[in-house]
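J.: model this:
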Amino acid sequence: MKLIGSLTSPFVRKVRIVLAEKKIEYDFALDSPWTPETNVPNINPLGKIPVLVLDDETVLFDSRVIAEYLDNVAPNNKLMPAQNRERTEVKRWEALADGLCDAAALIFLEKKRPAKEQGADWIARQESKINRSIDYMSEHLGENGWCTNTHFTLADIATGCALGYLAFRFPEITWGEKHPNLARLYAKLMLRPAFAETVPQG
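T.: Take a look at the predicted model:
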């Protein structure tokens, strides 16, 4: 299979970490939909990354769809519980983390526009989403060792990718100082090779 994506996208990083944790071999093709020469829209009609091309040429897109597929296709190191309530909890953490990343990416893109064209209210609205999401993560993590308390899951992968993206693009957001429990979680995640080897670059 082949993964198409960039070295900076938190959504691509999430899939790369899932692939590594599941010990699935794949080819990695670098491409970004924001470059003039991109081929992404020809593969994914939404023009977004990541994109996973299976061996039979089936194309999967959206990191949540890809992550769930990968967890089901390989039985080792399960990242999502089978039970409905526990599984829903993991998916809720993933949705929260992905939403945080969406808001952060929108701010990043908006700030690349000329200063006079930037929407201050729009940026403030996205910043509020980020701040509320961080507070919510911290509150619900509490003193637990992992997002869902008992063991490492996709919830931790998604949350770690979100926090890592903030550290990469918005170091001025000092979430670790305000929320030591999130800082401890991220430090523990960074001890895993899958996280350490996929730190955003660019």
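J.: for this structure, longest helix please?
T.: Counting residues, the longest helix in the chain under DSSP state H turns out to be helix 84-110.
J.: so for that one, mean pLDDT?
T.: Helix 84-110 shows a mean pLDDT of 96.
J.: other SSEs contacting that helix?
T.: On a contact count with 3 or more C-beta pairs under 8 Å, 6 or more residues apart in numbering; DSSP states H and E, helix 84-110 meets helix 10-21, helix 63-73, helix 120-141, helix 154-169. Placement of C-beta: from N, CA and C, glycine included.
J.: list the contacts of residue 92.
T.: Applying C-beta atoms under 8 Å, 6 or more residues apart in numbering to residue 92 gives no contacts.
J.: check the gap between it and residue 57 for me.
T.: Using C-beta to C-beta, to the nearest Å, residue 92 is found at 33 Å from residue 57.
J.: and residue 75, by the same measure?
T.: As judged by C-beta to C-beta, residue 75 and residue 57 stand 24 Å apart.
J.: and the residue of the chain most remote from its centre, its phi and psi?
T.: Relative to the C-alpha centroid of the chain, counting by C-alpha atoms, centre = their mean, residue 116 is the outermost residue, at 30.7 Å. When read as degrees, to the nearest 10, the backbone of residue 116 gives phi -70, psi -20.
J.: check the gap between it and residue 105 for me.
T.: 22 Å.
J.: residue 114 too?
T.: Residue 114 sits at a distance of 19 Å from residue 105 (criterion: C-beta to C-beta).
J.: more crowded one of these two?
T.: More crowded of residue 114 and residue 105, by other C-beta atoms under 10 Å: residue 105, with 17 against 6.
J.: quick one, what contacts the more buried one?
T.: residue 165.
J.: what's the domain layout of this protein?
T.: Domain assignment of the chain by automatic domain parsing yields the ranges 2-73, 84-196.
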